[in-house]
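*Asks:* Give me a model of this one.
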Amino acid sequence: MNQAFTALSQKADIWMREHRTEWIRDLQAVARIPSVSRPDLAEPNAPFGPACRQALDTALAIGRGYGFSTRDLDGYAGVLTLGDEADALGIFAHLDVVPAGEGWLYPPFGATYLPDHEMLIGRGVDDNKGSFVMALCVMRMLREFAVPLRRGVSLYLGVSEENGMPDMAALLKTGYRFPSFSLVPDSRFPVNYGQKGSLKGYITAPAQGNLLSLEAGSALNMVPARAVCEVLAEERDALSALPSLPQAIRDRIRIQALDGAVRISASGASGHAAHPEGSVNALHVLAEALCGLGVLKGECEKAVRGIALLSSDTDGRAIGAAYRDDVSGPLTVVHSAAALKRGLLEVGFDCRSPITLSRERLLSSFSAAWDRLGFAPKDLKVSDPYYLPPDDPRVLVLQDVYTSLTGRDDPPFTMGGGTYSRVVPNAVTFGAQMPVESPVRSVLPEGHGAAHGPDEALPLEKVETCARIYLAAVAALDGQGF
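*Replies:* Sure, this is the predicted structure:
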């Protein structure tokens, strides 16, 4: 790689440390807004609710404060631009977050700074508001270092990425002219050239009987950490059957007596639905407990047994839906939410399907299982996979930048997570996490610190490393005419 880009990266290291107080302040300003995408709370110019509108206004104001031009795309997104927006390289970040969930040690929307550990903790600091601040710093450095650019640089700020990306889909539908090439810092380094397809939605089953209520989960793309139900049954009956449960289930449930009923709650360990390994699904724990305790009567008993089977693994083996390929690995599926509504048990799920698995085969395997278990699908959303050949010239430039600056030879990769690359034309996901063990593990207990889990954490070094790589990458791509 050009030695000038190496020198540029070294200057970025110094600049990021000198301006650390500023960008921490900017990140805290947006991370303290609970910007969960809520289309059900849509208002004029706020299609995803007032909190997302507030986050977008705050971010645009921060950008204007640094002298960049800004544009509001009818509340679906915002744009900060250096130079010519009509001919610009795009960088896409998102300001919406998944719900906080439970089990936090720190305030979910406190954006708590731990100076001794050089770390921020709060929902969204990592996914993906940290990337907004990182990209903003890159634009400031491009200007202050007077880096010669043929094109402009536009930072796009979405507000509904975690909810299926209807923000960018809406802009695409209106014919909005996206940049001819864009970067998405919403995964890990180096280049992500393929993303699995997805199948998300709900299934319902009749659940008349003595199940009075059941609740689990707060977002389809999060493994639920808590599930609770109330059953019209005697406490002594539940307690007498308790020893028959497997120890792993017994350790995670609690039985409480109510007036003529019992409340049974289950605890798990949250995680991201795209990579659920290491998590514990509280909905599955609860379903297994209910089946083992034998307290259910009527249709609800069959429905809960169906949940227990569906959620018994995360690769679809139990229902005959397992599939894997050499390009993107195995299918994953998480049954992530449930609620009893007017005699129907509604279960939400999130499936990530391998790149070579056809939409028809994916749907048929799940449909057959639902039919056998007495469930009916509702509000299904299917997304096709994303794929860019790993020998694409733009991928090669980004790989070269990454290898030259880090000394690592990590290959480009595919993943189960979905980013704006899936919707935004000519976009590639690049960064922002280094493929090494995070220092979060030495600060927070197991199950804490991940992007969709409790105590989501952002080491400051991640922002600084990503900024220096992105500064050189933008210069390199511009120099190659991309």
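*Asks:* ok now stretch 178-197, how far from the chain's centre?
*Replies:* On the basis of C-alpha atoms, centre = their mean, to the nearest Å, stretch 178-197 sits 14 Å off its chain's mean C-alpha point.
*Asks:* as a whole number, average confidence for that stretch?
*Replies:* Stretch 178-197 carries an average pLDDT of 96.
*Asks:* longest helix of this structure?
*Replies:* The longest helix of the chain (DSSP state H) is helix 460-480.
*Asks:* What helices and strands are in contact with that helix?
*Replies:* When contacts are defined as 3 or more C-beta pairs under 8 Å, 6 or more residues apart in numbering; DSSP states H and E, helix 460-480 packs onto helix 3-18, helix 20-31, strand 88-94, helix 129-144, strand 182-184, helix 393-406, strand 432-433. C-beta coordinates here come from the backbone N, C-alpha and C atoms, glycine included.
*Asks:* Sheet partners, orientation included, of the fifth one?
*Replies:* In other words, strand 182-184. strand 88-94 (parallel), strand 427-430 (parallel) (DSSP bridges).
*Asks:* Phe482: which of these is closest?
*Replies:* Closest to Phe482 of the strands paired with strand 182-184, according to C-beta to C-beta: strand 88-94, at 7.4 Å.
*Asks:* Tell me which residues touch Asp384, please.
*Replies:* Gly197, Arg359 (C-beta atoms under 8 Å, 6 or more residues apart in numbering).
*Asks:* Quick check: which ranges of the stretch 101-250 of the chain have low pLDDT?
*Replies:* Nowhere does the stretch 101-250 of the chain drop to pLDDT under 70.
*Asks:* Compute the inter-axis angle for the longest helix of the chain and helix 3-18.
*Replies:* Counting by axes from the mean of the first three to the mean of the last three C-alpha atoms, to 10 degrees, helix 460-480 lies at 150 degrees to helix 3-18.
*Asks:* Pull out the buried residues from helix 460-480.
*Replies:* Neighbour counts over helix 460-480 (16 or more other C-beta atoms under 10 Å) mark 460, 462-479 as buried.
*Asks:* In contact with Pro243, which residues?
*Replies:* Pro243 makes contacts with Arg250, as judged by C-beta under 8 Å, 6+ apart.
*Asks:* That one belongs to a helix?
*Replies:* Yes. Under DSSP: H, G, I helix; E, B strand; the rest coil, Pro243 sits within a helix.
*Asks:* what's the closest of the helices and strands packed on helix 460-480 to Tyr113?
*Replies:* It's helix 20-31; of the helices and strands packed on helix 460-480, that one is closest to Tyr113 (C-beta to C-beta) at 6.3 Å.
*Asks:* which phi and psi does the residue nearest to Ile319 when sequence neighbours are not counted have?
*Replies:* Leaving aside its sequence neighbours, Ile319 sits nearest to Ala369 (C-beta to C-beta, 6 or more residues apart in numbering; 3.6 Å). Ala369 adopts backbone torsions of phi -70, psi -40, taken as degrees, to the nearest 10.
*Asks:* any idea how far Ala369 is from Pro377?
*Replies:* Computed as C-beta to C-beta, to the nearest Å, the Ala369 to Pro377 distance reads 11 Å.
*Asks:* Look at the two and report which has more neighbours.
*Replies:* Taking other C-beta atoms under 10 Å, Ala369 and Pro377 do not tie; Ala369 has more neighbours (19 against 16).
*Asks:* still on that earlier bit, which one of the helices and strands packed on helix 460-480 lies closest to Asn426?
*Replies:* The nearest among these, by C-beta to C-beta, is strand 182-184 at 6.4 Å.
*Asks:* Which residue ranges make up the domains of the chain?
*Replies:* 3-195+386-480, 197-383 (automatic domain parsing).
*Asks:* who are the neighbours in contact with the nearest residue to Cys229 once chain neighbours are set aside?
*Replies:* In space, and not counting its chain neighbours, Cys229 is closest to Leu214: 4.1 Å by C-beta to C-beta, 6+ apart. Taking C-beta under 8 Å, 6+ apart, we find Leu214 in contact with Ala227, Val228, Cys229, Glu230, Leu286, Ala338, Ala339, Leu340, Leu345.
*Asks:* now swap in Gly63 and tell me
*Replies:* Counting by C-beta under 8 Å, 6+ apart, Gly63 has contacts Thr70, Leu80, Leu136, Leu155.
*Asks:* Quickly check those residues for the two that are furthest apart.
*Replies:* Pairwise distances across the contacts of Gly63 peak at 11.4 Å for Thr70 and Leu136 (criterion: C-beta to C-beta).
*Asks:* Quickly list what's touching both of these two.
*Replies:* Common neighbours of Thr70 and Leu136, counting by C-beta under 8 Å, 6+ apart, are Gly63, Leu80.
*Asks:* more crowded one of those two?
*Replies:* More crowded of Thr70 and Leu136, by other C-beta under 10 Å: Leu136, with 25 against 16.
*Asks:* quick revisit: please list only the buried members of the contacts of Leu214.
*Replies:* Neighbour counting over these (16+ other C-beta under 10 Å) leaves Ala227, Val228, Cys229, Glu230, Leu286, Ala338, Leu340, Leu345 as the buried ones.
*Asks:* that's a helix at Ile62, yeah?
*Replies:* Yes. With three-state DSSP as the criterion, Ile62 is part of a helix.
*Asks:* That one contacts Gln28, doesn't it?
*Replies:* No. Checked against C-beta atoms under 8 Å, the pair Ile62 and Gln28 is beyond contact range at 11.1 Å.
*Asks:* Settle it for me: which of these two has more neighbours?
*Replies:* Ile62 (22 against 18).
*Asks:* can you pull the contacts of the closest residue to that one other than its chain neighbours?
*Replies:* Leaving aside its chain neighbours, Ile62 sits nearest to Asp26 (5.2 Å; criterion: C-beta to C-beta, 6+ apart). For Asp26, the contact set (C-beta under 8 Å, 6+ apart) comprises Ile62, Val133, Leu136.
*Asks:* cool, Asn45 as well?
*Replies:* Neighbouring residues of Asn45 by C-beta under 8 Å, 6+ apart: Arg53, Asp72, Asp74, Gly75.
*Asks:* Next, give me the two most distant ones among those.
*Replies:* Longest span within the contacts of Asn45, C-beta to C-beta: Arg53 and Asp74, 11.0 Å.
*Asks:* Just give me the neighbour total for the residue nearest to Val191 when sequence neighbours are not counted.
*Replies:* With sequence-adjacent residues excluded and distances taken as C-beta to C-beta, 6+ apart, Val191 is closest to Pro412, at 4.2 Å. By other C-beta under 10 Å, 22 other residues sit near Pro412.
*Asks:* please renumber so the chain begins at 36
*Replies:* That works, and once the first residue is 36, the last one we named lands at Pro447.
*Asks:* does Pro447 really touch Val432, like I thought?
*Replies:* No. Using C-beta under 8 Å, Pro447 is not in contact with Val432; the gap is 11.9 Å.
*Asks:* Glu196 contacts Asp131, doesn't it?
*Replies:* Yes. If you go by C-beta under 8 Å, Glu196 and Asp131 touch, sitting 5.9 Å apart.
*Asks:* Return the residues in contact with the residue most central in space within the chain.
*Replies:* The chain has Glu197 as the residue nearest its centroid, 5.8 Å off, counting by C-alpha atoms, centre = their mean. Listed by C-beta under 8 Å, 6+ apart, the contact set of Glu197 reads Val71, Ser72, His129, Asp131, Val132, Val133, Ala254, Asn256.
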